[in-house]
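Colleague: test case, fold it:
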Amino acid sequence: MNAERLEDGSVRIFGPVWEDVFPEDKREGWVKFYGRMHAEYESPTYKQAADALRELNLA
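Modeller: Numbering: from 1, shown residues only. Below is the predicted model:
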């Protein structure tokens, strides 16, 4: 999974199967959501999504 900030300030999370775009102020909520989903379903894609959004904060 990859994450990027778009020119309008929104955040895009994307990978080979799905993508989503949301406002920057919702990013931390999505990090938590993907973290919970990974804990519950153990899907590596959810962890990758959470990690990509966390790393975006560092960029």
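
Colleague: can you pull out the strands in the chain?
Modeller: 2-5, 11-14, 19-22 (DSSP state E).

Colleague: so which bits of the first one are buried?
Modeller: It refers to strand 2-5. Within strand 2-5, the residues scored as buried using 16 or more other Cβ atoms under 10 Å are A3. To be clear about C-beta, it is placed using only N, CA and C from the backbone, and glycine gets the same treatment.

Colleague: circling back: TSV for the strands of the chain, including mean pLDDT and distance to E40?
Modeller: Formatted as TSV, the strands of the chain follow (pLDDT from 0 to 100; distance: least, Cβ to Cβ, whole Å):
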stretch	mean pLDDT	distance to E40
strand 2-5	97	21
strand 11-14	97	18
strand 19-22	96	19
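
Colleague: do you know which of these lies nearest Q48?
Modeller: Closest approach to Q48 among those is made by strand 2-5 (8.7 Å; Cβ to Cβ).

Colleague: that closest one - contacts with which helices or strands?
Modeller: Contact partners of strand 2-5 among helices and strands, from 3 or more Cβ pairs under 8 Å, 6 or more residues apart in numbering; DSSP states H and E: strand 11-14, helix 44-58.

Colleague: return the most buried member of those.
Modeller: strand 11-14 (a mean of 18; mean count of other Cβ atoms under 10 Å).

Colleague: show me where the chain dips below the pLDDT cut-off.
Modeller: Counting by pLDDT under 70, the ranges of the chain that qualify are 59.

Colleague: and the gap between L56 and K47?
Modeller: 15 Å (Cβ to Cβ, to the nearest Å).

Colleague: and for L6?
Modeller: According to Cβ to Cβ, L6 stands 23 Å off from K47.

Colleague: dump the helices and strands packed on strand 2-5 to JSON lines, plus distance to F22.
Modeller: Shown next, in JSON lines, are these (distance: least, Cβ to Cβ, whole Å):
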{"stretch": "strand 11-14", "distance to F22": "6"}
{"stretch": "helix 44-58", "distance to F22": "10"}
